[in-house]
Structures are given as structure tokens and as C-alpha cells.
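*Asks:* what would the 3D arrangement of this be:
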Amino acid sequence: MTANLRVDGVTKDFGDVRAVEDVNFTVEEGKFLTLLGPSGCGKTTTLRMIAGFETPTEGRIVLGDRDLTGVEPYDRPTSMVFQNYALFPHKTVGENVGFGLKMRDVPKEERRDRVGRMLELVELPDTEDRGVDELSGGQQQRIALARALITEPEVLLLDEPLGALDLKLRKNMQVELKNLQEDLGITFIYVTHDQEEALTMSDEIVVLNEGRIEQRGTPTAIYEQPETRFVADFIGDTNLLDGTYARNGEGATVRCGTVELPIEPIPSAADGDAVSVSIRPEKIHLGDGGDPDAVTLTGEVEEVIYQGNIAKVHVNVDGTRLVLERQIVDSIDLPTPGSSATINWSEEYTDVLTG
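*Replies:* Numbering: from 1, shown residues only. Have a look, this model is predicted:
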């Protein structure tokens, strides 16, 4: 039996400290949802409440029509993968993977067969008799996954399981984890502070900050349409400018220093309101672009940072610094510091943030 998981008005206090406050979200069956945020934002505490390792001060954890609040971890249809894998160093690979089945009194022969199939699934066949200390970090991570999956949980909970891996292996494992989740059709709830990891793997992302949800949506929506200043700043690189809102006939502007940026009117905003705008560096182009409706500004190039396939160009426009990304191809000429540069972007890429 599988069903949607619902985190319903969950709050968690540790003494006088409120770690999570009134968190609400539903994870559809078979989806990959990521809890994303900086250290101390409440994401791991939320995951531990779903697992049953912490009890909510208020609110409920519900799977389908089953209220799991207060149910012991071993009686929940969930499994958890930890950042440090939590493998038993004195047990073999096979004993580690089959541990949950042994605790459930599954017969030895069936246990052996299921361990073998699970090791094939994580692409580590014929390793049952090896010691876990003989394995690399990536292989240990696969064994931790196999141990969590062998009990056939309805929901798999993952607490920064790739954090101990080097960058290249971590990127490879991101793709493999997502492919495994899609193949199995199991609901995954994943915790990370790594924005790129969340964007790569997730069907949906819940961005947490100081125990509260800042925004929930698809990776595209979270990146392209941030709803708050925190989300715009936390997810990827952006030009984040503070300014003042003003109506301008049928349109509106945000004045950032001496620079006025045209925007669509905001019904809830009044003249003089403080707002922020976010413009992603990859949306800004060098040159005037030839589009009369584009935002076009002229400034001085302050810095050009070469990063292999791209260069980051810093342009000062009357005291307002904007950073753009330019793709580098053969024989392209980059601007030089001190030179004049015209930059442009489509008005639709100016995200106005009131929260």
C-alpha cells in the first residue's frame, strides 16, 4: 500500500528554541521532494519527525489515511539513509544490507536471495562477503541505500547522503539516485543544503529558512520565479538590488540608486515602498540587443573573471554593479576592465521581490 505523505502544521520546539514552525506540505506518491535550506533551517528536524526520531510539538505526520504521529520509527513504512551511512563496521556487506530483514525474522534463505537482488540493483553484485571497510565512499553509500530499500519502504528519507563524497562522484551519484527513484517508483524525501543538487534531482523543492517554508515549487519555478529575497539569494547566483517602487503611468519602475528599471505594476505595492529585484547573470547580455523593449544600460567594465566555459563580467552602471555571464567559444573577444559596455536583458527577467 502506498499513498501521499502529508506534513500537517508541524512545529517542533527544543526547550525555548523553535526549530520548525507550522510547516505544511504534501508529497505525492512516487515523487522526489527535496527539503532545501542553510544549516539550522529545520530541514533535518523535519525529516526526523517524518522518520519518527523526533515527535512534533504540534501538528501531524500522515501517510494516506494513517496518522503516524507518535508511531515508533520501526513501525513506520519508512527507511532512512544518513550522511555518514551508519553501516556496521564489524558486519559484512551482506549482513549490513540484510539487517532489517533479520530484525523482521525473514528466513535466512529468503534473506540471502533478497540481499543478492538488492546488491544487483545498486550495481554491487557478488560483494556479500566483503567487509564494508574495503569499500570506497561511493560504494558504502550504495550499501546504505540497499539496506534502506530492502525492507520495501513506502517512503525513503535521505539526510544529505552525498555530503561526504568528492564533487565528481557526488554529481554522478545525483543522477544515479534520481534514476533509481524513478525505476522503483518510491517516494523520496531528500535533505540538502546544496542548491545545485536540489535542482538536479527533485520533482519539487521546499525551501526552508529559520524553521519556516519560504517557497515550494518545481526546480524551474524556484529558480526562475523566486517569491522572496531569501530564495532569490540562496538559489544560484543572482544580481540582487534594493530599490524603491513607483508607478509610472500604466507601468512601474524600481529605482536602484540612480538606475531606474521598468517593471510590471504590482497591485499590492504603493509608491515609495522598498522592494528588491533579482536578475540572473545568464539573462544579461552584452550589447544593446536591438530590442526596443529590453532593459538597456551602459556602464564601465570593472572585472572579467574567466571560469573555463564562461566568463563573469562585472559592469558598474552609475554606482550599481551588475554581473553577467558570457559563454566562451572559440575566438570570442571578452571586454577588458575599464572599457565601456552596454548591457541588456528582457524586462520579464527582472523578478520583483516584496517578501
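
*Asks:* list the buried residues in stretch 74-94.
*Replies:* For stretch 74-94, the neighbour count (16 or more other CB atoms under 10 Å) marks Arg76, Pro77, Thr78, Ser79, Met80, Val81, Gln83, Tyr85, Leu87, Thr92, Val93, Gly94 as buried. All C-beta spots, glycine's among them, are computed from the backbone N, C-alpha and C.

*Asks:* any idea of the mean pLDDT for it?
*Replies:* Stretch 74-94 carries an average pLDDT of 87.

*Asks:* gap between the two ends of that stretch?
*Replies:* Length of stretch 74-94, first residue to last, CA to CA, to the nearest Å: 21 Å.

*Asks:* kindly report the same for stretch 231-242.
*Replies:* From its first residue to its last, stretch 231-242 covers 15 Å (CA to CA).

*Asks:* offset the numbering so it begins at 808, please.
*Replies:* Yep, numbering from 808; the last one is stretch 1038-1049 now.

*Asks:* centre of the chain to that stretch, how far?
*Replies:* Distance, stretch centre to chain centre, for stretch 1038-1049: 15 Å (CA atoms, centre = their mean, to the nearest Å).

*Asks:* before we move on, the earlier item: filter the buried residues of stretch 881-901 down to the ones in strands?
*Replies:* Members of the buried residues of stretch 881-901 lying in strands (criterion: DSSP state E): Thr885, Ser886, Met887, Val888.

*Asks:* in JSON lines: those, plus distance to Glu1155.
*Replies:* JSON lines is the format used below for these (distance: CB to CB, whole Å):
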{"residue": "Thr885", "distance to Glu1155": "42"}
{"residue": "Ser886", "distance to Glu1155": "43"}
{"residue": "Met887", "distance to Glu1155": "42"}
{"residue": "Val888", "distance to Glu1155": "40"}
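
*Asks:* returning to that earlier point: and which of the buried residues of stretch 881-901 is nearest Asp872?
*Replies:* Within those, proximity to Asp872 (CB to CB) peaks at Pro884, which comes in at 12.9 Å.

*Asks:* mind checking pLDDT for the nearest residue to that closest one once chain neighbours are set aside?
*Replies:* Spatially, and ignoring its direct neighbours in sequence, Pro884 is nearest to Glu961 (4.1 Å; CB to CB, 6 or more residues apart in numbering). pLDDT for Glu961: 93.

*Asks:* what's the neighbour count on Glu961?
*Replies:* Number of residues near Glu961 (other CB atoms under 10 Å) recorded here: 19.

*Asks:* was I right about it contacting Thr994?
*Replies:* Yes. Contact criterion CB atoms under 8 Å: Glu961 and Thr994 qualify, at 6.6 Å.

*Asks:* could you dump the buried residues of stretch 881-901 to CSV with distance to Ile1042?
*Replies:* Putting the buried residues of stretch 881-901 into CSV (distance: CB to CB, whole Å) gives the following:
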residue, distance to Ile1042
Arg883, 31
Pro884, 32
Thr885, 28
Ser886, 29
Met887, 26
Val888, 24
Gln890, 22
Tyr892, 28
Leu894, 33
Thr899, 42
Val900, 38
Gly901, 41
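
*Asks:* in the longest helix anywhere in the chain, which residues are buried?
*Replies:* Longest helix of the chain, by residue count under DSSP state H: helix 974-991. For helix 974-991, burial by neighbour count (16+ other CB under 10 Å) applies to Arg977, Met980, Gln981, Glu983, Leu984, Lys985, Leu987, Gln988.

*Asks:* give the next helix or strand downstream of that helix.
*Replies:* On the C-terminal side of helix 974-991, the nearest following helix or strand under DSSP states H and E is strand 994-999.

*Asks:* ok, then the element right after that following strand?
*Replies:* helix 1002-1008.

*Asks:* packing partners of that next one?
*Replies:* Packing partners of helix 1002-1008 (3 or more CB pairs under 8 Å, 6 or more residues apart in numbering; DSSP states H and E): strand 839-843, helix 974-991, strand 994-999, helix 1026-1031.

*Asks:* and the second one, what does it pack against?
*Replies:* Under the contact criterion of 3+ CB pairs under 8 Å, 6+ apart, helix 974-991 touches helix 944-956, helix 1002-1008.

*Asks:* switch the cut-off to 6 Å
*Replies:* Applying 3 or more CB pairs under 6 Å, 6 or more residues apart in numbering; DSSP states H and E, one finds that helix 974-991 makes contact with helix 1002-1008.

*Asks:* contacts for the helix it packs on, please.
*Replies:* With CB atoms under 6 Å, 6 or more residues apart in numbering as the test, helix 1002-1008 has contacts from Thr841, Leu843, Gln981, Lys985, Thr999, Ile1012, Pro1026, Ile1042.

*Asks:* how does it look with 10 Å?
*Replies:* Here helix 1002-1008 makes contact (CB atoms under 10 Å, 6 or more residues apart in numbering) with 839-844, 965, 967, 969-970, 977-978, 980-982, 984-986, 988, 995, 997-999, 1001, 1011-1014, 1025-1027, 1029-1030, 1041-1044.
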